[in-house]
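**Student:** build me a model:
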Amino acid sequence: MGKVKALVLTGFGLNCDWETAHALERVGAHAERVHLNSLVTGGKTLAVYQVFVVGGGFSWADEHGAGVILAMRLKHRLGDAIREFIAKGGLILGICNGFQVLVNLGVLPAFDGVSFTREVALIHNDCGNFRDQWVHLAVNAESPCVFTRGLERLELPVRHGEGKFYAGTKVMEKLEANGQVVLRYAGADGAPAQGSFPENPNGSLNDIAGICDPSGRIFGLMPHPEAYHHWTHHPDWTLQKERLRRQNVRFSEEGIGLEIFRNAVHYASESHGA
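**Tutor:** Numbering: from 1, shown residues only. Here you go, the predicted structure:
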């Protein structure tokens, strides 16, 4: 079958598509940046891809709430195609604005399969302003998420004004019981942030930074893995390099964010025989 094919959505205020496509290419995928209109009009079809990424940005300038309009466009114009894509084992990744889109669309958390009904929300940050910072993340080893396999801790940047994860008590209990909470905001030592600011930059309930569906094939997160595909993206990279040099430790120039994309491509390759 050749390389895993990944579709990175573009258009109407989405951004980070170039970085996301580059990260996917670096880990062996064939990534295509595809405008939403090309999917809606049939110029491109989702069915020929194995990975579908809705990246960061400000789709429709966050009118009516972040990700709301794009979610409705996908639901009413591409709902059947998305449902079929999921049923055939495709992977979906939503990053930042993409995460907001996926929860508004109702493909996350999808306790009982895709219903296109919203069950959780990403709302305005408790701090009252846009946050652009690096965060520490603890990975739930019990989660079925295929994107985070083999990972324990991450450090990635966030850039959002509406990133507070919120849901009702019963939904939160179900997410925790199912292991669908994938990432939590943490301190530098990996301990839970317990809601403390700025370790938890937005006030997310239970420090939630990312969730998956029950299959682990649909994943949404607020931090940006594509923004750490090379280690020089980190603000302390020169300090880290010097410490490793003095310890005579060999180091990779890859940023840890690449591992999320590598896991996706590896899984798609294994499951689809690429």
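**Student:** help me confirm that Ala177 is found in a helix?
**Tutor:** Yes - when the secondary structure is assigned by DSSP: H, G, I helix; E, B strand; the rest coil, Ala177 falls within a helix.
**Student:** give me the distance between it and Pro214.
**Tutor:** As judged by C-beta to C-beta, to the nearest Å, Ala177 and Pro214 stand 11 Å apart. The way it works is simple: take the backbone N, C-alpha and C, and place the C-beta from them, glycine included.
**Student:** got it, and Ala191?
**Tutor:** Relative to Pro214, Ala191 is positioned 28 Å away (C-beta to C-beta).
**Student:** out of these two, which sits in the more crowded spot?
**Tutor:** Using other C-beta atoms under 10 Å, the more surrounded residue of Ala191 and Pro214 is Pro214, with 15 against 11.
**Student:** correct me if wrong: that one contacts Gln180.
**Tutor:** Yes - under the criterion of C-beta atoms under 8 Å, Pro214 is in contact with Gln180, at a separation of 6.7 Å.
**Student:** can you list residues touching both of those two?
**Tutor:** Residues touching both Pro214 and Gln180 comprise 109, 144, with contact defined as C-beta atoms under 8 Å, 6 or more residues apart in numbering.
**Student:** this structure: strands as residue ranges?
**Tutor:** 5-10, 30-35, 51-54, 91-95, 121-123, 131-139, 153-160, 164-166, 181-186, 208-212, 218-221 (DSSP state E).
**Student:** out of these, which is closest to Ala66?
**Tutor:** When the strands of the chain are ranked by proximity to Ala66, the top entry is strand 121-123, at 6.7 Å, counting by C-beta to C-beta.
**Student:** sheet partners, orientation included, of the closest one?
**Tutor:** On the basis of DSSP bridges, the sheet neighbours of strand 121-123 come out as strand 164-166 (antiparallel).
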